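>>> after the sequence you'll find the predicted model.
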2 protein chains.
Amino acid sequence: MKEDDVITLIRDMAPTVSNDVKLSIGDDGSVVEVDQKMELVTVLDAITVGTHYPPGTASDSIGHKIFAVNLSDMAAMGAQPKWAHLSLSLPKAEKSWLEGFVSGASALASKHGLTIIGGDTIKGPEMISLSIQGLVKKDRYVTRANANDGDFIYVTGHLGSAAFGLHLLKSGKNKPEQFIQDFNFPKPRVNEGIFLSDFASSMIDVSDGFKSDLLKMTKASNLGFRVNIDELPIRREMIDCIGLDESISMALSGGDDYELCFTISERTMDKFEKEWQERFETKLSKVGRIIKSSNEYKYNDQDYMVKTNNFEHF
Amino acid sequence: MKEDDVITLIRDMAPTVSNDVKLSIGDDGSVVEVDQKMELVTVLDAITVGTHYPPGTASDSIGHKIFAVNLSDMAAMGAQPKWAHLSLSLPKAEKSWLEGFVSGASALASKHGLTIIGGDTIKGPEMISLSIQGLVKKDRYVTRANANDGDFIYVTGHLGSAAFGLHLLKSGKNKPEQFIQDFNFPKPRVNEGIFLSDFASSMIDVSDGFKSDLLKMTKASNLGFRVNIDELPIRREMIDCIGLDESISMALSGGDDYELCFTISERTMDKFEKEWQERFETKLSKVGRIIKSSNEYKYNDQDYMVKTNNFEHF
């Protein structure tokens, strides 16, 4: 079974019946009502060696990554992260490994005002789960489902850099260092996500690859997209290393970017771009537009055939 | 490193600084303030094959168990479980396995009004994490830390039955069936826990073994205990099978009971016992008393030497 089928099976067998649940299985996080003014957003993601990071990865990178992955989901909901619960399964508990892990984790957690308040540790295969809870103003969470025809599609940062970093690591290389860094220490766009809760009509974080995640968002919105390949944010050094075609392929299909992909209406676009420039140094790229039915990739206004293998769990 | 040292290391490197955190790392769950009237309790526990259930365990039992383990922690906080997030890591996603898992999980979840609203699935070693969120009236959560000198110590259900069930399974036996059932389908004491939030001065769930968990509770309260071995709730059939000495040893040190151990003041004891009998059919045993400094086990008023190996993670 594919991951989506597993999720569908779980969702169908355990239907949501509770009135206080605003958003359930199928988005980047869940939303429940806990207060007159605020809603509670929860995300839970696990990572394991071999699937999410290569064997031998330094433990500060692993500690950083499990928090980055979950903070990125929280960002994609437009919520302020607050509290974290960590579940750590390890075959052996080595002090130096744990110190590195906690140091990587707590640096990123404290940067975003996140407090680790619970969890458990067990002896078992190497597997790290984290759950983050955050708050968002009532009815202001951003889902994948509300893009509108004509909205512009934006993406933060660069695409494909983490995938190229992983490719370098697998080839036994450690340069260019930027890409290794992009893979080992992704930057979740937490403040950008909170800011976007005032502007974005729909949002998703790019974790499985831009193409795959954009498709999830537009499918959830029952709409299509037209993306300009020439607008995709790709690091120049990547093109220098592996050429344009391979770079485009990595930008579209490489996983682990942890950037935000979102839609903005034409009406609010100018105000949005102006405020973004005032607040953030994070690169912002307008890469396409929501359209009614078809999914189109263009390069210099010509149709572009995308050939890719996406990362898929299970 | 031992589990406690790992937890201490994480706690020390990631101190809790947030004002809204009422209870952090080190109890059965965490508590944060989300509302004027209610507090949010969160628990997160993972289980894996070989450590928490034997290879070949039916998936409905695994689905039941991951919910039971977490619901038991929630019960020990005195909170009403509300929402669940599931993280499922499996080497291979088989439909029949998943259907069994979800059927076991959702039966127990719906029995306790719990809704599965999020999570993720990954390809990796067999490992199941669950986070449950619940609500408790402001300042009414029950911790391990507030037992008072002279309080009576109670425990629900039977002790050692799950450990005996596991022992039977390991020996290739499937009878007496009650004990296999106690191990595979433990009953979290959710309603009892909520009721106890009005009475108990301290509470813990018995998951690592009565002796070990009672010690955690009394240590957290900076007090000691006197336990009457002859009052421990042990199933008669277990004594018939393996004799009294072995039964006592399993009752004290066997894991996976998922019963509640708690303390009640002498002042409220009669009212508590009366209301319990009116509400619950669950067996209730008064097994000892909180005392100032020493930890004592008695049998027929004589000192009893406890020789045990406790289940310890890592």
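Structure received.
>>> centroid residue for chain A?
The residue lying closest to the centre of chain A (CA atoms, centre = their mean) is residue A:205, at 3.0 Å.
>>> what's opposite that residue in the beta bridge?
Beta bridges link residue A:205 to residue A:260, judged by DSSP bridges.
>>> per-residue pLDDT, it?
Residue A:205 is assigned 97 on the pLDDT scale.
>>> go on, residue A:314?
42.
>>> one step back: so the residue nearest to the centre of chain A sits against residue A:255, correct?
No: Residue A:205 is not in contact with residue A:255 according to CB atoms under 8 Å; the separation is 11.3 Å. The way it works is simple: take the backbone N, C-alpha and C, and place the C-beta from them, glycine included.
>>> before we move on, the earlier item: what distance do you get for the residue nearest to the centre of chain A to residue B:65?
32 Å (CB to CB, to the nearest Å).
>>> equivalent analysis for residue A:5, please.
For residue A:5, the distance to residue B:65 - CB to CB - is 24 Å.
>>> what about those two, which has more around it?
For residue A:5 and residue B:65, the more surrounded residue by other CB atoms under 10 Å in any protein chain shown is residue B:65, and the numbers stand at 25 against 14.
>>> just the element for that one, please.
helix B:59-77 (DSSP states H and E).
>>> quick check: next helix or strand after that helix?
With secondary structure assigned by DSSP H and E, helix B:59-77 is succeeded by strand B:80-90.
>>> output that following strand as CSV, nothing but the C-alphas.
C-alpha atoms of strand B:80-90 as CSV (Å, rounded to 0.1, in the frame of the first residue of the first chain):
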residue,chain,number,x,y,z
GLN,B,80,-10.3,13.3,29.8
PRO,B,81,-8.7,12.1,26.6
LYS,B,82,-9.8,14.0,23.5
TRP,B,83,-7.6,13.8,20.5
ALA,B,84,-4.9,11.4,19.2
HIS,B,85,-2.1,11.7,16.7
LEU,B,86,-0.6,8.4,15.4
SER,B,87,2.9,7.9,13.9
LEU,B,88,3.2,4.5,12.2
SER,B,89,6.6,3.2,11.0
LEU,B,90,6.4,-0.1,9.2
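>>> what about that strand and chain A, touching?
Yes: Strand B:80-90 lies within reach of chain A by CB under 8 Å from any CB of the partner chain, at B:82-83, B:85-90.
>>> now that strand: buried residues?
For strand B:80-90, burial by neighbour count (16 or more other CB atoms under 10 Å in any protein chain shown) applies to B:80-90.
>>> closest to residue B:34 among the residues you listed?
Residue B:34 lies nearest to residue B:82 out of the buried residues of strand B:80-90, by CB to CB, at 11.7 Å.
>>> quick one: contacts for that closest one?
A:18, A:20, A:32, B:113-115, B:132-135 (CB atoms under 8 Å, 6 or more residues apart in numbering or on different chains).
>>> just the element for the closest residue to it other than its chain neighbours, please.
Using CB to CB, 6 or more residues apart in numbering or on different chains and skipping residues adjacent in sequence, the residue nearest residue B:82 is residue B:134, 5.3 Å away. Using DSSP H and E, residue B:134 falls within strand B:127-137.
>>> between that strand and helix B:59-77, how many degrees?
On the basis of axes from the mean of the first three to the mean of the last three CA atoms, to 10 degrees, strand B:127-137 is oriented at 30 degrees to helix B:59-77.
>>> name the helices or strands packed onto strand B:127-137?
The contact analysis (3 or more CB pairs under 8 Å, 6 or more residues apart in numbering or on different chains; DSSP states H and E) places strand B:127-137 against strand A:38-48, strand A:80-90, strand A:127-137, strand B:38-48, helix B:59-77, strand B:80-90.
>>> quick one, strands of chain A?
A:21-23, A:30-33, A:38-48, A:80-90, A:115-123, A:127-137, A:152-156, A:202-206, A:224-228, A:259-264, A:284-291, A:295-299, A:302-303 (DSSP state E).
>>> which of those has the lowest average pLDDT?
strand A:21-23 (a mean of 84).
>>> any residues touching stretch A:90-108, and which ones?
Contact with stretch A:90-108 is made by A:58-68, A:71, A:86, A:88, A:116, A:121, A:123-126, A:188, B:1-3, B:5-6, B:9-10, B:13-14, B:314, as judged by CB under 8 Å, 6+ apart.
>>> any regions of chain A where pLDDT drops low?
Scanning chain A for pLDDT under 70 picks out the ranges A:13-17, A:308-314.
>>> go again using 90 as the cut-off
Within chain A, the segments meeting pLDDT under 90 span A:1-38, A:51, A:93, A:113, A:115-116, A:119-123, A:174, A:293, A:305-314.
>>> what's the domain layout of it?
A:3-137, A:152-303 (automatic domain parsing).
>>> right, so those: which one is the most enclosed?
Comparing the domains of chain A by mean neighbour count (mean count of other CB atoms under 10 Å in any protein chain shown), domain A:3-137 ranks first with a mean of 21.
>>> before we move on, the earlier item: which pair in the contacts of residue B:82 spans the largest distance?
So, the contacts of residue B:82 by CB to CB: farthest apart are A:20 and B:132, at 14.7 Å.
>>> just to revisit the earlier point, against chain A, how distant is the residue nearest to residue B:82?
11 Å (CB to the nearest CB, to the nearest Å).
>>> what sits against that residue?
Neighbour list for residue B:134: B:29, B:40-43, B:74, B:77, B:79-82 [criterion: CB under 8 Å, 6+ apart].
>>> let's go with 7 Å and repeat that
Contact analysis of residue B:134 by CB atoms under 7 Å, 6 or more residues apart in numbering or on different chains lists B:41, B:74, B:79-82.
>>> show me where the stretch 101-250 of chain A has helices.
In order along the chain, the stretch 101-250 of chain A carries the following helices (DSSP state H, counting those that start in this stretch): A:161-170, A:177-184, A:190-196, A:210-220, A:236-253.
>>> which residues sit against the longest one?
Read it as helix A:236-253. Outside helix A:236-253, the residues that reach it (CB under 7 Å, 6+ apart) are A:159-161, A:163-164, A:176, A:178-179, A:209-211, A:229, A:232, A:234, A:306, A:308-310.
>>> what about 6 Å?
Defining contact as CB atoms under 6 Å, 6 or more residues apart in numbering or on different chains, one finds that helix A:236-253 is touched by A:159-160, A:163-164, A:176, A:209-211, A:229, A:232, A:234, A:306, A:308, A:310.
>>> output those residues in a markdown table, with distance to residue A:291 appended to each entry.
Formatted as a markdown table, the contacts of helix A:236-253 follow (distance: CB to CB, whole Å):
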| residue | distance to residue A:291 |
| --- | --- |
| A:159 | 21 |
| A:160 | 24 |
| A:163 | 27 |
| A:164 | 30 |
| A:176 | 36 |
| A:209 | 21 |
| A:210 | 17 |
| A:211 | 16 |
| A:229 | 16 |
| A:232 | 18 |
| A:234 | 23 |
| A:306 | 16 |
| A:308 | 21 |
| A:310 | 22 |
